[in-house]
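Chemist: got a predicted structure here, sequence first:
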Amino acid sequence: MKNQINEAHEAVENNSNDSSTKRKVVVPGEVIVEGEDFLPGEGTRREGAKIIAGKFGLAEEAGRVVRLIAIFGAFIPRRGNVVIGRVSDITHAGWLVDIDSASQSFLPIEESPRFINRNEMDQYLAIGDVISAKIWTVKGKGIDLTLKGKGLGKLEDGFIFKVIPSRVPRVIGREGSMVNLIKEKTGCNITVGQNGWVWIKGPSIDAQIKARNAVTLVAEKVHVNGLTEKVEHWFAENE
């Protein structure tokens, strides 16, 4: 952990002039900022006038809101998360889906966007099919998914790969800025699941590989300020 903290601090310091957004590496319990004007965001809490880090990660101060981006960490499923999963089994009531979570995930047949004949379920989704789904409920020992929503459903062709789930916010970027940049530069369709699975489908194998490499670059450099500019420079060097 000490080496990871030192490396992260060094990377942030070396790139501190690359962005107007204030970021710094913090450890659990560390005071990030003080002042009643600041609001605690994800991964932080307030103690009096202090905003405290709840875990090791990258503290980001954007306006009044202070949030924490975990540099390491497993996926914690939450209602509303969009995830990518693979169908692992079919039952009379729906599909079991592997989303790389400790909890079992289930897609009820009623949560498909159209009527499905129970005798033809494998024609709609077969074992091994990859889907983009939304977490509908999180129970004690399981997760229910839904395909009712824009952009949800079976992901045809392309390929999937994994990044550390806690780094997904940086891969997506603020209001989708980072993933949209990669889409624009490669012409690929990209879906990033909150569980860390990324699906890419592009006009060519080369475009897909370039998109994957760009996503991997972002996921490996989450602690670096000015990351958008660095990714743009990377694309310019790899045209």
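Modeler: Ah, there it is.
Chemist: run through who's touching the longest helix anywhere in the chain.
Modeler: Looking across the chain with DSSP state H, the single longest helix is helix 205-220. Helix 205-220 is contacted from outside by 158-159, 161, 163-164, 167, 170-171, 178-179, 182-183, 185-188, 190, 192, 198, 200-202, 227, 231, 234-235, 238, using Cβ atoms under 8 Å, 6 or more residues apart in numbering. (C-beta placed from N, C-alpha, C; glycine too.)
Chemist: filter those down to the ones in helices?
Modeler: Per DSSP H, the subset of the contacts of helix 205-220 in helices is 170-171, 178-179, 182-183, 185-186, 227, 231, 234-235.
Chemist: how distant is stretch 33-42 from the center of its chain?
Modeler: How far stretch 33-42 lies from its chain's middle: 24 Å, per Cα atoms, centre = their mean, to the nearest Å.
Chemist: endpoints of that stretch, how far apart?
Modeler: 15 Å (Cα to Cα, to the nearest Å).
Chemist: now do that stretch: everything it contacts.
Modeler: Taking Cβ under 8 Å, 6+ apart as the rule, stretch 33-42 contacts 46, 49-51, 61, 64-68.
Chemist: next one: stretch 115-129
Modeler: By Cβ under 8 Å, 6+ apart, stretch 115-129 touches 86-90, 92, 94-95, 107, 109, 112, 131, 154.
Chemist: how about the contacts of stretch 33-42 in JSON lines, adding neighbour count?
Modeler: Shown next, in JSON lines, are the contacts of stretch 33-42 (neighbours: other Cβ atoms under 10 Å):
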{"residue": "46", "neighbour count": "13"}
{"residue": "49", "neighbour count": "12"}
{"residue": "50", "neighbour count": "16"}
{"residue": "51", "neighbour count": "25"}
{"residue": "61", "neighbour count": "17"}
{"residue": "64", "neighbour count": "11"}
{"residue": "65", "neighbour count": "14"}
{"residue": "66", "neighbour count": "24"}
{"residue": "67", "neighbour count": "19"}
{"residue": "68", "neighbour count": "25"}
